[in-house]
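1. Quick check, what structure comes out for this input:
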Amino acid sequence: MEINKERGGLAYWKQIIILMCSGWVTIWIYRAALSPVYPQINESLGGNISDTALGSIASFYFFGYVIMQIPAGFLVDKIGKKTVLLPGFVVFALAALLISQASSISMIYTGSFLAGIGCGSFYGSAYSLTSQNIPKEKKSFSTAIVNSGSAVGSGFGMILSSFIVIQMNMPWQTVMYLSAFLIVCMTIAFALVIRSNKEDVAFLESQAAAEEETTDQPKEKVSLSTLFSLRMLFTYVLYFATCYAYYMTVTWLPNFLGTERGFQGVAIGFSSSLVAFASIPGALFFSRLADKYMHKKVTFIVILEILAALMLLVTVQATNSTFLMIALILYGFLGKLAVEPIIISWLGENAPKVGVGTTLGVFNFFGMMSSVIAPTLTGSISDATGSKVMGFYIAIILLIGGTFLFLTVNSKKTAK
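-> Take a look at the predicted model:
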């Protein structure tokens with residue numbers, strides 16, 4: 001239990017929280033940096049790129065990210081987090097540099113796909129590390145801190161991209177150079193801090209031995225029947241809906257504000273970043289409550305999902321910028337990044353206790369499938385109708401439907 005517990009005077013699990021949070025910051029600076037500058041990318045490639053084609057930039061990234069989830073989760077369990085994570089981030093850095101040199105939309109697609117492949121190594125590694133190293137009584141709140149890196153990176157990515165490219169009139173490729181630099185820094189940090197696979201295995205074996213001394217319950221194994229039970233399947237559906245709403249919003253919100261709501265310049269990135277920044281206090285507040293009232297996690301999840309859907313509805317129905325901004329702030333406070341730590345914590349209590357990487361990989365695979373569909377589908381809707389409003393309505397319907405299914409199956413279990 002004490003193997004490699006501290007380095008540099010700071011407990012290893014605390015180092016993991018800082019490191020994984022920083023990893024999400026880096027990933028999301030890259031993810032969020034391109035969407036505010038779609039017009040500039042279009043102009044640099046000749047000016048005849050459709051919204052569908054621009055939305056596909058994000059879809060190619062998420063396609064690569066999604067197809068890596070189950071293989072990466074399996075490899076995390078078999079060969080270790082560090083062994084999976086380091087090569088993934090090397091590919092990620094090279095992909096960002098490839099995009100910066102792109103002379104065609106197909107070259108950007110290739111770079112985006114490779115970036116997704118590289119980032120696909122992170123999710124299973126990150127949450128396996130947090131699940132196995134963070135004390136049980138601190139897991140929801142600690143997961144919220146790790147997740148807040150997504151919000152910080154998303155917000156800074158949009159603001160930096162809008163400021164550097166739109167306000168300062170610098171080439172859009174500048175944000176890709178910045179992303180590549182940050183990715184290299186994170187790769188070095190992973191190499192220095194994360195335990196080697198040999199150390200990790202020794203630590204986990206000592207944990208398992210200690211648990212066997214305190215319980216006589218048989219170990220639960222990962223199987224298709226456990227991974228795809230009705231409760232788990234509806235959890236995947238809920239996460240699909242949650243991710244669909246979020247990734248549709250972060251991909252197209254800057255463009256929506258600029259083309260349909262009259263926002264200009266750095267105000268586009270700043271207004272869009274409100275969703276991300278508002279999610280930080282929301283995630284920390286609700287995860288604290290979930291840790292305090294552990295038996296109420298399903299209730300927290302359902303209420304937050306319904307309120308998030310309502311805020312998206314207000315966003316598209318708002319007749320002035322003030323109401324729109326309030327709705328965006330509340331969507332961030334109540335939405336994906338606020339509810340996700342609670343869902344992950346609930347999943348940890350209801351999923352098999354072994355093969356954590358595999359379970360998380362399957363969970364994230366289904367959730368992130370939405371991120372492949374949402375950007376391109378919303379772009380197609382925009383090309384066909386001249387507006388992205390219908391994309392928001394689809395997200396709202398999915399959120400309500402997914403929440404209803406999740407509540408139904410968990411209500412039945414409670415009744416039994």
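2. name the element the residue nearest to the spatial centre of the chain belongs to?
-> Central residue of the chain (Cα atoms, centre = their mean): residue 150, 6.4 Å from the mean position. Taking DSSP states H and E as the definition, one finds residue 150 inside helix 139-161.
3. Any idea how far that helix is from the middle of the chain?
-> In terms of Cα atoms, centre = their mean, to the nearest Å, the centre of helix 139-161 is found 9 Å from the chain centre.
4. Now it - C-alpha only, CSV.
-> Taking Å, rounded to 0.1, in the frame of the first residue of the first chain, the C-alpha atoms of helix 139-161 are listed here in CSV:
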residue,chain,number,x,y,z
LYS,A,139,-13.4,10.2,-5.3
SER,A,140,-16.4,12.2,-6.5
PHE,A,141,-14.9,15.5,-5.5
SER,A,142,-11.5,14.5,-6.9
THR,A,143,-13.0,13.4,-10.2
ALA,A,144,-14.7,16.8,-10.4
ILE,A,145,-11.4,18.5,-10.0
VAL,A,146,-9.9,16.3,-12.7
ASN,A,147,-12.9,17.0,-15.0
SER,A,148,-12.6,20.7,-14.4
GLY,A,149,-9.5,20.6,-16.5
SER,A,150,-11.8,20.1,-19.5
ALA,A,151,-13.7,23.3,-18.6
VAL,A,152,-10.5,25.3,-18.1
GLY,A,153,-9.0,24.1,-21.3
SER,A,154,-12.2,24.6,-23.3
GLY,A,155,-12.6,28.2,-22.0
PHE,A,156,-9.0,29.1,-22.6
GLY,A,157,-8.9,27.4,-26.0
MET,A,158,-11.9,29.5,-27.2
ILE,A,159,-10.6,32.8,-25.7
LEU,A,160,-7.0,32.3,-26.9
SER,A,161,-8.1,31.3,-30.4
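5. which stretches of the stretch 101-250 of the chain have low pLDDT?
-> 197-223 (pLDDT under 70).
6. What segments of it are helices?
-> Listed in chain order, the helices of the stretch 101-250 of the chain (DSSP state H, counting those that start in this stretch) span 105-119, 122-133, 139-161, 173-193, 197-214, 224-227, 230-260.
7. Mind checking these for the one nearest to residue 64?
-> Residue 64 lies closest to helix 105-119 among the helices of the stretch 101-250 of the chain, at 2.7 Å (Cβ to Cβ). For the C-beta atoms, the positions are set from N, CA and C on the backbone; glycine is no exception.
8. Direction-wise, compare the closest one with helix 173-193 and give the angle.
-> Relative orientation of helix 105-119 versus helix 173-193 (axes from the mean of the first three to the mean of the last three Cα atoms, to 10 degrees): 20 degrees.
9. Dump helix 105-119 to CSV, restricted to CA.
-> This file holds the C-alpha atoms of helix 105-119, laid out as CSV (Å, rounded to 0.1, in the frame of the first residue of the first chain):
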residue,chain,number,x,y,z
ILE,A,105,-9.3,20.1,-45.8
SER,A,106,-8.4,16.5,-46.3
MET,A,107,-5.1,17.1,-44.7
ILE,A,108,-6.8,18.7,-41.7
TYR,A,109,-9.1,15.7,-41.5
THR,A,110,-6.1,13.4,-41.4
GLY,A,111,-4.5,15.4,-38.6
SER,A,112,-7.7,15.5,-36.7
PHE,A,113,-8.2,11.8,-36.9
LEU,A,114,-4.6,11.2,-35.7
ALA,A,115,-5.1,13.7,-32.9
GLY,A,116,-8.2,11.7,-31.8
ILE,A,117,-6.2,8.4,-31.9
GLY,A,118,-3.6,10.0,-29.7
CYS,A,119,-6.0,11.5,-27.2
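10. Can you give me the neighbour number for residue 305?
-> Residue neighbour count, defined by other Cβ atoms under 10 Å, stands at 26 for residue 305.
11. oh, I was asking about residue 46
-> Residues near residue 46, counting by other Cβ under 10 Å, number 9.
12. Could you verify that it is part of a helix?
-> No. Per DSSP: H, G, I helix; E, B strand; the rest coil, residue 46 lies outside any helix segment and is coil.
13. Hmm, residue 267 and residue 254 touching each other?
-> No. Look at residue 254 against residue 267 with Cβ atoms under 8 Å: they stay out of range, at 10.2 Å.
14. higher neighbour count, the two?
-> residue 254 (26 against 16).
15. any idea how far that one is from residue 365?
-> Distance of residue 254 to residue 365, given as Cβ to Cβ, to the nearest Å: 27 Å.
16. tell me the contacts of the nearest residue to residue 175 once chain neighbours are set aside?
-> In space, and not counting its chain neighbours, residue 175 is closest to residue 33: 4.2 Å by Cβ to Cβ, 6 or more residues apart in numbering. Listed by Cβ atoms under 8 Å, 6 or more residues apart in numbering, the contact set of residue 33 reads 157, 158, 160, 161, 175, 176, 178, 179.
17. surely the fifth one meets residue 40?
-> No. The pair formed by residue 175 and residue 40 falls short of the contact definition of Cβ under 8 Å, at 10.1 Å.
18. quick one: common contacting residues for those two?
-> Taking Cβ under 8 Å, 6+ apart as the contact rule, residue 175 and residue 40 both touch residue 165.
19. So which of these two has more stuff around it?
-> Neighbour totals were compared for residue 175 and residue 40, and residue 175 leads with 27 against 18 (other Cβ under 10 Å).
20. Thanks again, I'm all set now.
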